[in-house]
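*Asks:* quick one: sequence and predicted model below, then my questions.
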Amino acid sequence: MSLFYTYISVVSGVLPVFAALYNYRHLNNVLKIAALYFLISTMFDWGEEIASNYHVTNNFPAIHAIIIISLLFYTIIYYKAFSSLLLKRMVFILSSLGFLVLIVSTIFFEGFMDYPSISNTVLSMVAIVFSLVYFYQLLTRQEFVHIEKQGLFWINAGVLLYFATNVFLFMLFAQILKDHKEDFYMIHTVTNIIANILFTVGLLCKPQKTP
């Protein structure tokens, strides 16, 4: 059953890519950056799936790489999405600390051939903070905005859902994989599928123009 959900999860990654191609002329700069990230992330997922078919058993170096890429893209996306200078500085500071932890963790604790539990946890926590603050920004705007028509609203919802659900799985990866491997893959793949659907909805939105 976990193998079936894994395939569905990998395939679902193409949905936001197709949505971005279909709705490209309506995407603003932030959504175009998000679409590029989804394309890269999907390429990694497909690469890992193909590698597993060739009996490559250790895909941890690829996970290290996509974590670094993910943190970079989330930094750019939320830096551009936040309207106030204070929030932009917050993005820069948190991301800088995140990158520092990633480097230290990879050098001294979890090498490229080990699962990056610390790095994945740090990425999750940073992404959760960014997504919660973005929701706060949306809900405290002075002008009236249909938030459900804002593409980044749906993408942000997908980010929060994915990382808030999986952060403890990443944090306790070794223990969970040892005793509850099936549960780990089930939870991760299902949340990934739902997140990809939310990303797709966001990229199909025609953003409402605001003053």
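*Replies:* The structure has been received and is ready for your questions. Numbers count the residues shown, from 1 in each chain.

*Asks:* every contact and neighbour count from this point should use C-alpha atoms.
*Replies:* Fine.

*Asks:* how far does the helix or strand that Tyr78 is a member of sit from its chain's centre?
*Replies:* Assigned by DSSP states H and E, Tyr78 belongs to helix 60-81. For helix 60-81, the separation from the chain centroid amounts to 8 Å (computed by CA atoms, centre = their mean, to the nearest Å).

*Asks:* report the buried residues of it.
*Replies:* 60, 62-64, 66-68, 70-79, 81 (16 or more other CA atoms under 10 Å).

*Asks:* which residues sit in contact with the residue nearest the centre of the chain?
*Replies:* Nearest to the mean C-alpha position of the chain, by CA atoms, centre = their mean, lies Val159 at 5.4 Å. Listed by CA atoms under 8 Å, 6 or more residues apart in numbering, the contact set of Val159 reads 127-128, 131, 195.

*Asks:* gap between it and His55?
*Replies:* In this structure, Val159 and His55 are 31 Å apart, going by CA to CA, to the nearest Å.

*Asks:* what of Tyr37?
*Replies:* Taken as CA to CA, the span from Tyr37 to His55 is 27 Å.

*Asks:* more crowded one of the two?
*Replies:* When neighbours are counted by other CA atoms under 10 Å, Tyr37 and His55 differ, and Tyr37 comes out ahead with 20 against 9.

*Asks:* what's the nearest residue to the more buried one if we skip its chain neighbours?
*Replies:* In this structure, Tyr37 finds its nearest non-sequential neighbour in Phe73, 6.6 Å apart by CA to CA, 6 or more residues apart in numbering.

*Asks:* contacting residues around the one you found?
*Replies:* Shown in contact with Phe73 (CA under 8 Å, 6+ apart): 33-34, 37.

*Asks:* make CSV out of those residues and add secondary structure.
*Replies:* Converted to CSV, those look like this (DSSP: H, G, I helix; E, B strand; the rest coil):
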residue, secondary structure
Ile33, helix
Ala34, helix
Tyr37, helix
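
*Asks:* distance of Leu160 from Leu123?
*Replies:* Taking CA to CA as the criterion, Leu160 is separated from Leu123 by 12 Å.

*Asks:* cool, Arg25 as well?
*Replies:* Per CA to CA, Arg25 is found 31 Å from Leu123.

*Asks:* neighbour-wise, which of those two wins?
*Replies:* Leu123 (24 against 10).

*Asks:* so the more buried one sits right up against Ile66, yeah?
*Replies:* No: Leu123 sits out of contact with Ile66 when judged by CA atoms under 8 Å, with a separation of 10.6 Å.
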